[in-house]
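[1] Next input, structure requested:
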Amino acid sequence: MTLFISAALLRYLARLGLVVLALFAAATHAQAAQGAIDVQRPNTELLGRHFSLLVERDGPLNIDQAYDRFSTGQLPKGAYDVLSFGLNSEPLWLFLRLSNGGETPVNKQLSIEASWLDRIELYLYQGSTLTHSSLMGDALPYAARPQPSNYFVNSLDIPPGDSVLILRISSSDPMVLPIRLSDHAYLHTLERLDAYHYGFLYGLVVALMLYNLLLFLRLRSPPYLFYSIYMLAFVTMNIAYSGHGFAWLWSDSVTLQKWSNALFMILYSVAGLSFAVYFLDVRSHARRLARLIDAYVYSVVFSIFFCIAFNLHALAIVLSFVYVFIFTIGVLLLGIHAVLKRRPSADYFLAATLIGAIGAGISCITVWGWIPFTRFTYLAVELGLSLEAVLLSLAVADRFNLVRQKKEVAERLARIDPLTELYNRRASRELLLPHWEVGNRQGQPLSVIIIDIDHFKQINDSYGHDAGDQVIVQVANLIKRNSRADDIAVRWGGEEFLIYLPGTRLQQAGMIAERLRCDVGQQEFTCNGSRFSVTCSFGVAERSSTDTQPEQLFKRADELLYQAKQSGRNQVMLDMQNTPPAEVERSLNHAAD
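    Numbering: from 1, shown residues only. I've put the predicted structure just below:
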């Protein structure tokens, strides 16, 4: 029963929804058919569908000729809320009927939310009377705009009765026309949202740019520099086509505003391609491809300056879109190639460029007029490039970690003996000096043990070098096992080892050496079916007040090692210079027990 009631209710709601949609469609159709906008209402929508359109295909028209063509009532209506006619469109006339049912004029803000249109002529007619006219566009200095804005905004007082708003727009840049006729408060809200949007975007990108620039200054690695340049190119391209550049930076330069979109789009594509080449290390792994990319980049730069030199603005606009398209596809292919070749951080790079390519592609075909204009499709490039910038920063960070890890491994290998994994002689002095200086300042003791494997040449001659390496490794392992946390064990060279013992007196160092001597003597080695054992001799010395350099301590310990070998090997020889013999003897007896 419940299911039956629910099904009936759903059918009722569906029918009601269809009726509402039908009424709404009818009302919309009636308004479109009437073609008049009631200015008493708080209009916020984009008005492309309400405009009648006239394209100057047969030569220029003056306002009277255009108004006569409109009066016939045979002009087509806009197909979308935002009119879009792509690149290099002919000049366009737009006509919009307005209705003010009140007794006083109504103030409305006409806003054309594109920032790159060359020339906009505005006329407001009531009957045959011209009540308002103005001229806007990038062909004029920024100060000539009726209202300060990165878009084109004009305040209109709509008189009582019926009026006609007429716009003539010409531009060699993309003819994209998001047009509103809204209240001042609503326009202010849109401008505030734009400020938040661009503030976040520029803050994010500039922060990433500066961070990577600092990394470059510290590490001198080209990918960080080219990433910073790429982010800078993106910001300059964005402030050019968003109108902020004309508003903030080059307000008096109409020429720069004319070329800014094409110039900065091309520089953006060049910077992005250069970053990809350095980040993916194309020059090292695909030299022919790198040379081909270099030739392409030179041709791109030459083409834009050629267009500027010969004032080929329309061609420059087309080339800029073509180059951005090639750049987008090119970095995707480079990313795929890098992933297939298992290049470092290539997966981050490919994900970033894919998202950026999707966003740029959506905005590009929107501006070209291939898909309907919406705020999402128009700003998709900014959303995509913001996500791309974040992912690329992760890729750069991942690359930084890889470089750091490789550097640490290289530094470690430079300090570590590969056979025993003890520190090598080269690293020993660097490791000892901090302890030596602390001992000098605080009077802390420091001892050293030098160890030599007895009759090592006979081991190599009798059992082979593999057996010799096995003995060295095993003795090194016993040294590690007998060393404390602060001790520093070093392969001094060949079959010799050295142990630094910070904070250790001679007696305690002798006990450690004696324990190690016993462990080595009890160790049994097997090689090619033969079993054998080895012994070691030890020289132990403690830093004295006369030792000003570590080498003096090493020399005494080495002399003690020589004495141990001359006295029959397999024994520990201590420096008796500053130690009572009875105390040393008790210490050694305790170690032996």
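
[2] CA only for contacts and neighbour counts going forward, please
    OK.

[3] for the residue most central in space within the chain, what are its contacts?
    For the chain, the residue nearest the mean C-alpha position is Ser393 (2.6 Å; C-alpha atoms, centre = their mean). By C-alpha atoms under 8 Å, 6 or more residues apart in numbering, Ser393 lies in contact with Leu208.

[4] swap in Leu387?
    Ala352, Ile355, Gly356.

[5] which one of those residues sits closest to Pro91?
    Set against Pro91, the nearest of the contacts of Leu387 by C-alpha to C-alpha is Gly356 (32.6 Å).

[6] That closest one - that's part of a strand, no?
    No. Going by DSSP: H, G, I helix; E, B strand; the rest coil, the assignment for Gly356 is helix, not a strand.

[7] and it, how many neighbours does it have?
    24 (other C-alpha atoms under 10 Å).

[8] Would you mind identifying the next helix or strand past the helix or strand in which the residue nearest to the centre of the chain is found?
    Element membership for Ser393 (DSSP states H and E) is helix 375-415. Sequence order places strand 423-424 as the next helix or strand after helix 375-415, per DSSP H and E.

[9] as a whole number, average confidence for that next one?
    For strand 423-424, mean pLDDT rounds to 90.

[10] Which strands or helices does that strand pack on?
    strand 488-493 (3 or more C-alpha pairs under 8 Å, 6 or more residues apart in numbering; DSSP states H and E).

[11] So what's the gap between the helix or strand just after the strand it packs on and the chain middle?
    The C-terminal neighbour of strand 488-493 among helices and strands, as given by DSSP H and E, is strand 496-502. Centroid separation for strand 496-502 versus its chain: 47 Å, with C-alpha atoms, centre = their mean, to the nearest Å.

[12] Could I get the contacting residues of Gln458?
    No contacts exist for Gln458 under C-alpha under 8 Å, 6+ apart.

[13] how much space between the residue nearest to Leu394 when sequence neighbours are not counted and Tyr142?
    Of all residues not flanking Leu394 in the chain, Tyr348 sits nearest, at 7.1 Å (C-alpha to C-alpha, 6 or more residues apart in numbering). Distance, Tyr348 to Tyr142, by C-alpha to C-alpha, to the nearest Å: 42 Å.

[14] Flag the shaky bits of the stretch 451-593 of the chain, pLDDT-wise.
    577-593 (pLDDT under 70).

[15] sorry, that was for the chain
    1-35, 367-369, 372-373, 375, 378, 577-593.

[16] Can you check what angle separates the helix holding Ser393 from strand 488-493?
    On the basis of axes from the mean of the first three to the mean of the last three C-alpha atoms, to 10 degrees, helix 375-415 is oriented at 60 degrees to strand 488-493.

[17] What count of nearby residues applies to Phe349?
    By other C-alpha under 10 Å, neighbour count at Phe349 equals 27.

[18] Please report the distance of it from Ala395.
    Taking C-alpha to C-alpha, one finds Phe349 at 6 Å from Ala395.

[19] Over to Phe325?
    The gap separating Phe325 from Ala395 is 23 Å, by C-alpha to C-alpha.

[20] Pick out whichever of the two has more residues nearby.
    Remark: of Phe325 and Ala395, Ala395 carries more neighbours, 22 against 16, as counted by other C-alpha under 10 Å.

[21] which residues do Phe349 and Ala395 both contact?
    Joint contacts of Phe349 and Ala395 (C-alpha under 8 Å, 6+ apart) do not exist.

[22] got a list of what Ala185 touches?
    Residues counted as contacts of Ala185 (C-alpha under 8 Å, 6+ apart): none.

[23] now do 10 Å
    Gln109, Glu191 (C-alpha atoms under 10 Å, 6 or more residues apart in numbering).

[24] same check, this time on the one 10 residues further on
    With contact taken as C-alpha under 10 Å, 6+ apart, Ala195 is in contact with Thr189, Leu201.

[25] what about it, helix or strand, and which?
    Per DSSP H and E: helix 184-219 holds Ala195.

[26] buried residues in that helix?
    187, 198, 201-202, 205-206, 208-210, 212-213, 215-216 (16 or more other C-alpha atoms under 10 Å).

[27] Also stretch 123-142?
    Tyr123, Leu124, Tyr125, Gln126, Leu135, Met136, Gly137, Asp138, Ala139, Leu140, Pro141, Tyr142.

[28] Which parts of the stretch 201-350 of the chain are strands?
    With DSSP state E, counting those that start in this stretch, there are no strands along the stretch 201-350 of the chain.

[29] And the helices in it?
    Ranges of helices in the stretch 201-350 of the chain, per DSSP state H, counting those that start in this stretch, are 222-241, 244-248, 254-279, 282-285, 287-309, 313-340, 346-367.
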